[in-house]
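Asks: show me the folded form of this:
(one chain, ligands or ions: 1)
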Amino acid sequence: MMSAPGVCAPVLDQVHSEALAAMVGEGGLILDPADRAAYETPARYAGGVAAAVVRPATTEQVSAVVAYCVRHGLKFVPQGANSGLAEGSTPDMSGGHVVLSLDRLIAPLEIDIADRTATVGAGVRLSALNAALEPHGLFLPIDLGADPSLGGMAATNTGGARFLRYGDMRRHVLGLEVVLADAAGTVLQLSHGLRKDNAAIALRQLFVGGCGAFGIITKVTVEIHHRPRQSAAALLVPRDAEAVLPLLQAFEAEAGSTLTAFEGMSKAAMSRAIDHVPSLSNPFAGGIPDYAVLVELTRSWAPREGEASLDEVIQQIAGEVLEHDDSPLVDALFGPTEKMWALRHGLSEGLRASGPVVGFDLSFRRRDLARFRREAIAMLDVGFPDFALCDFGHVADGGVHFNLVRTGAADPVRYQALREAVLTLAVKGFGASFSGEHGLGRAFQDAYDRFTPRLVQDYSAAVAAVFGAGSAAVRLGPPRGN
Ligand SMILES: Cc1cc2nc3c(=O)[nH]c(=O)nc-3n(C[C@H](O)[C@H](O)[C@H](O)COP(=O)(O)OP(=O)(O)OC[C@H]3O[C@@H](n4cnc5c(N)ncnc54)[C@H](O)[C@@H]3O)c2cc1C
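Replies: Just a heads-up that it's a prediction; the model follows:
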């Protein structure tokens, strides 16, 4: 049916168009290039061209569309809110992929307060779920700078800034409904919101983080939590990058389960945010430090009589750490929680506004973070001075958004050399993961082919084959032709 690289007109032929429109209604099929654009353009990277965008509104419609596509050899890419950063939710330039958008799957949105769970259609946005939960004092605590769909969050296993306290989607998904990419569009119900269920193997976990390779998620049941009723935050200035881990250990020991976030920010990332985000100003009286950490403590209960407030607790812990000989801490700023978070939340926008970003979503054992950073800076200084390192990240879980802003002219060869150098140092040198929390997609297919052990690739491809043809957006097998 479709090929014609680079074309902008729809390449889905009339027979397929009419068949798909009959399944999803006229409003559910988008062929017009202007209307397709939002579905073709990812949050990062260049985007591609879709043969069409199909927007089923029910599980039955998803099943019918998928079965039709599989039977007629039409490739498709599942898409949620299209906020992914691995280029997995958009078509390539061939014009040969149908975008299967789940954005009309916004029912149900059911909250079970007694069970502390919510069951939602895959297209429900995180903000919509949290708005519905707020009057009940509840929330889904996965916190990030985008507004993804619950289906996309399950498919990518979203982490976020409060992973340290609450974990990722994997820890929250208690049930899934999925449509397999087979010729029947088989619908599988995988658990029903049970916290404990050992009656079968936890098949649903294959779909969490599977990035659509095993099937299409149409409904998600998640565990939800009580919203914090007390919080306190501080910006900590560590002695140097090596001091971040001892500082974290001190807070983990003293703050226990109230420790909710511990986010690292480099000077270059903070400077760009302060320069480019109009609502931000420099909170540091003595100039922006080389590195800072945003630390947050929360409690789900209201202040109790006689109990120290979290503001007092955070100041006390910081004060005690400061008094140590050879303290890992040199300064600490305290203030309202939202004010302390503002700088952290402005980092991505600041980087984007300051130039083209080369993003790496790396994950390390925590003890390796400082040494990797030191070695990577030395390597970049010598080989890539035209890229400014603006790293930040969820350091408590070993995550680092090792992002670089290009300061020189665009050069695809140098760009590839940079990716190769950073990924080789991280993965081969430190046993890091090239995808800490952003999942898999075209942007990292080369890294998957290169760094994921061949046996793991083979078994993953075999499992995908059991579930059907796969969505083809993420290839889990070894490179074709090998
Ligand atoms: C500013 C910004 C900050 C971010 N911060 C974080 C962060 O801190 N932590 C983090 O983990 N991520 C972060 N992300 C990445 C992104 O928001 C997450 O990966 C998110 O979970 C993607 O959800 P989505 O609905 O947008 O999915 P999409 O982008 O639409 O899709 C992502 C992948 O999932 C697949 N997919 C989507 N929906 C389904 C479905 N229903 N069934 C099967 N497959 C599906 C797609 O095919 C694709 O492979 C950030 C993104 C931005 C732009």
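Asks: could you count how many residues lie near the residue of the stretch 51-200 of the chain found nearest the ligand?
Replies: Residue of the stretch 51-200 of the chain nearest the ligand, by Cβ to the nearest ligand atom: G152 (2.0 Å). For every residue, glycine as well, the C-beta is placed using N, CA and C. For G152, the tally of surrounding residues (other Cβ atoms under 10 Å) stands at 30.
Asks: residue boundaries of the helices in the stretch 251-400 of the chain?
Replies: Using DSSP state H, counting those that start in this stretch, the helices of the stretch 251-400 of the chain run over residues 267-276, 310-323, 337-354, 369-383.
Asks: residues in contact with the third one?
Replies: Yep, that's helix 337-354 we're talking about. For helix 337-354, the external contacting residues (Cβ atoms under 8 Å, 6 or more residues apart in numbering) are 145, 161, 231-235, 263, 265, 269-270, 272-277, 279-280, 283, 294, 296, 333-334, 357, 390, 392, 403, 405.
Asks: of the residues you listed, which are in range of the ligand?
Replies: Checking the contacts of helix 337-354 against the ligand by Cβ under 6 Å from any ligand atom, the ones in range are 145, 161.
Asks: pull out the buried residues from the contacts of helix 337-354.
Replies: For the contacts of helix 337-354, a burial check counting by 16 or more other Cβ atoms under 10 Å picks out 161, 231-235, 263, 265, 269-270, 272-274, 276-277, 280, 283, 294, 296, 333, 357, 390, 392, 403, 405.
Asks: and the helices of the stretch 251-400 of the chain as CSV, adding distance to V66?
Replies: Converted to CSV, the helices of the stretch 251-400 of the chain look like this (distance: least, Cβ to Cβ, whole Å):
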stretch, distance to V66
helix 267-276, 41
helix 310-323, 48
helix 337-354, 33
helix 369-383, 41
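Asks: neighbours around L150, how many?
Replies: The number of residues near L150, taken as other Cβ under 10 Å, comes to 35.
Asks: taking the buried ones among the contacts of helix 337-354 one by one, which sit in strands?
Replies: Residues from those lying in strands, with DSSP state E as the criterion: 231-235, 263, 265, 294, 296, 333, 357, 392, 405.
Asks: mind putting those residues into JSON lines with distance to V427 and pLDDT?
Replies: Compiled in JSON lines, these are given as follows (distance: Cβ to Cβ, whole Å; pLDDT from 0 to 100):
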{"residue": "S231", "distance to V427": "36", "pLDDT": "97"}
{"residue": "A232", "distance to V427": "37", "pLDDT": "97"}
{"residue": "A233", "distance to V427": "33", "pLDDT": "97"}
{"residue": "A234", "distance to V427": "34", "pLDDT": "98"}
{"residue": "L235", "distance to V427": "32", "pLDDT": "97"}
{"residue": "E263", "distance to V427": "23", "pLDDT": "97"}
{"residue": "M265", "distance to V427": "24", "pLDDT": "97"}
{"residue": "L294", "distance to V427": "28", "pLDDT": "98"}
{"residue": "E296", "distance to V427": "30", "pLDDT": "98"}
{"residue": "L333", "distance to V427": "36", "pLDDT": "96"}
{"residue": "V357", "distance to V427": "20", "pLDDT": "94"}
{"residue": "F392", "distance to V427": "20", "pLDDT": "97"}
{"residue": "V405", "distance to V427": "22", "pLDDT": "97"}
